[in-house]
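K.L.:
give me the fold of what follows.
(one chain, ligands or ions: 1)
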Amino acid sequence: MDDIKLSNFNSKSKDEVVFTEDRIALVSGGTRGIGRGICEILKRAGATVIAGYASDDEQAKKFTRETNIKSIKWDVSNFQECDNVVKEIISEYGTLSILVNNAGITRDSTIKKMSIDQWQDVINVNLNSVFNMTKVCWDEMTSKHFGRIINISSVNGQAGQYGQVNYCAAKAGIIGMTKAIAQEGARYNITANTVAPGYVDTEMVAAVPQNVLDKIISTIPVGRLGHPQEIARAVAFLAREDSQFVTGSTISINGGHHMY
Ligand code: CAA
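P.N.:
Here you go, the predicted model:
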């Protein structure tokens, strides 16, 4: 199957500037993989972007050097750290208008072998984080009467995946949570949507054993992994001011892997 030309995504001239600089976007897990793609496209579209990361200082420095996007280290599974970081951003930039809950981890194992820690770590980082971050942004977004919340789920939260009961539970939970947030946010011009990527060319997917990954790719009708930019484009669309009527939705981007 033919791959698409990446230059289609990377050409600056093709990006429409739709955000003003006072649209402040925070992207958790933003220094690598899909998160990095999201940061870059939002910046090119005119927003002021801040990327979050958990531990890899060297990678974060490299990211900031290459993109000129600020990165901040905090633990999305820790409510107090989320509260502190959002307060700092609001005090420095004046507001926070776009929240992309992208940070996520895998601790794959069959349920027979899965430890309580593997279960809890994934639920804390992938699901509780979405509550933490949304909660600490809520007062600011309601008072400004604007918010765009985009939560990154996964095809595996929709279809299930052998060896991922923890990840699938968290990613499915995100879909339900997003629909509830959408209902509560509508009166404040806050939208909440889920983007559910399939298997994308990232370090996370590269960690899947090659023989297992080859089998998975053979079941993807488009016949390849996705590119981070193919996910990022949908996030940028959802973040736009004129996307207000799109709320509570789940956009699946998976090369036809699962048709929901
Ligand atoms: N369906 C049915 N049976 C399966 C299976 C499947 N999908 N995958 C494995 N099995 C079977 C194997 O054939 C094997 O059976 P036998 O012993 O009878 O041969 C048995 O299950 C054990 O398989 P493994 O040898 O692979 O077991 P393991 O304990 O070494 O590893 C695992 C298990 C960690 C789950 C490994 O299979 C794995 O890493 N799978 C990939 C999981 C995956 O797709 N993760 C996605 C990460 S990327 C991501 O999550 C991003 C995103 O959003 C898409």
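
K.L.:
Ile216 versus the residue of the stretch 51-200 of the chain found nearest the ligand, what's the distance?
P.N.:
Proximity to the ligand, evaluated over the stretch 51-200 of the chain using Cβ to the nearest ligand atom, is greatest for Gly163 at 2.1 Å. Yep, even glycine has a C-beta here, placed from its N, CA and C like the rest. With the distance defined as Cβ to Cβ, to the nearest Å, Gly163 ends up 11 Å from Ile216.

K.L.:
quick one: furthest residue from the center of the protein?
P.N.:
Lys112 (29.4 Å; Cα atoms, centre = their mean).

K.L.:
okay, that one: pLDDT?
P.N.:
Here the pLDDT value assigned to Lys112 is 98.

K.L.:
mind listing what the residue of the stretch 51-200 of the chain closest to the ligand touches?
P.N.:
Residues near Gly163 by Cβ atoms under 8 Å, 6 or more residues apart in numbering: Asp108, Ser109, Thr110.

K.L.:
same thing but 10 Å
P.N.:
Listed by Cβ atoms under 10 Å, 6 or more residues apart in numbering, the contact set of Gly163 reads Thr106, Arg107, Asp108, Ser109, Thr110, Ile111, Lys113, Met114, Asn156, Val208, Val212.

K.L.:
do the same with Glu88
P.N.:
Applying Cβ under 10 Å, 6+ apart, we find Glu88 in contact with Ile50, Ile72, Trp74.

K.L.:
now the end-to-end length of stretch 196-216.
P.N.:
17 Å (Cα to Cα, to the nearest Å).

K.L.:
count the neighbours of the residue lying closest to Gly256 once chain neighbours are set aside for me.
P.N.:
Leaving aside its sequence neighbours, Gly256 sits nearest to Pro221 (Cβ to Cβ, 6 or more residues apart in numbering; 3.5 Å). Other residues near Pro221 come to 10 when the count uses other Cβ atoms under 10 Å.

K.L.:
now swap in Thr219 and tell me
P.N.:
Neighbours of Thr219 under the rule other Cβ under 10 Å: 12.

K.L.:
assign the closest residue to Ile105 other than its chain neighbours to helix, strand or coil.
P.N.:
Spatial nearest neighbour of Ile105, excluding adjacent residues (Cβ to Cβ, 6+ apart): Val125 at 4.9 Å. Under DSSP: H, G, I helix; E, B strand; the rest coil, Val125 falls in the helix class.

K.L.:
quick one: name the residues of the stretch 151-260 of the chain near the ligand.
P.N.:
For the stretch 151-260 of the chain, the residues in contact with the ligand (Cβ under 6 Å from any ligand atom) are 154-156, 161-164, 167, 199, 204-205, 208-209, 212.

K.L.:
list only buried entries from the residues you listed.
P.N.:
Among these, those classed as buried by 16 or more other Cβ atoms under 10 Å are Ser154, Val155, Asn156, Gln161, Gly163, Gln164, Tyr167, Tyr199, Met204, Val205, Val208.

K.L.:
please work out the average pLDDT along stretch 120-135.
P.N.:
Stretch 120-135 carries an average pLDDT of 98.

K.L.:
same question for stretch 78-94.
P.N.:
98.

K.L.:
and what of stretch 31-42?
P.N.:
98.

K.L.:
is that stretch positioned near the ligand?
P.N.:
No. Applying Cβ under 6 Å from any ligand atom, one finds stretch 31-42 out of contact with the ligand, separated by at least 9.2 Å.

K.L.:
what's the distance between that stretch and the middle of its chain?
P.N.:
Here stretch 31-42 is found 9 Å from its chain centre; the criterion is Cα atoms, centre = their mean, to the nearest Å.

K.L.:
one more: stretch 46-60?
P.N.:
13 Å.
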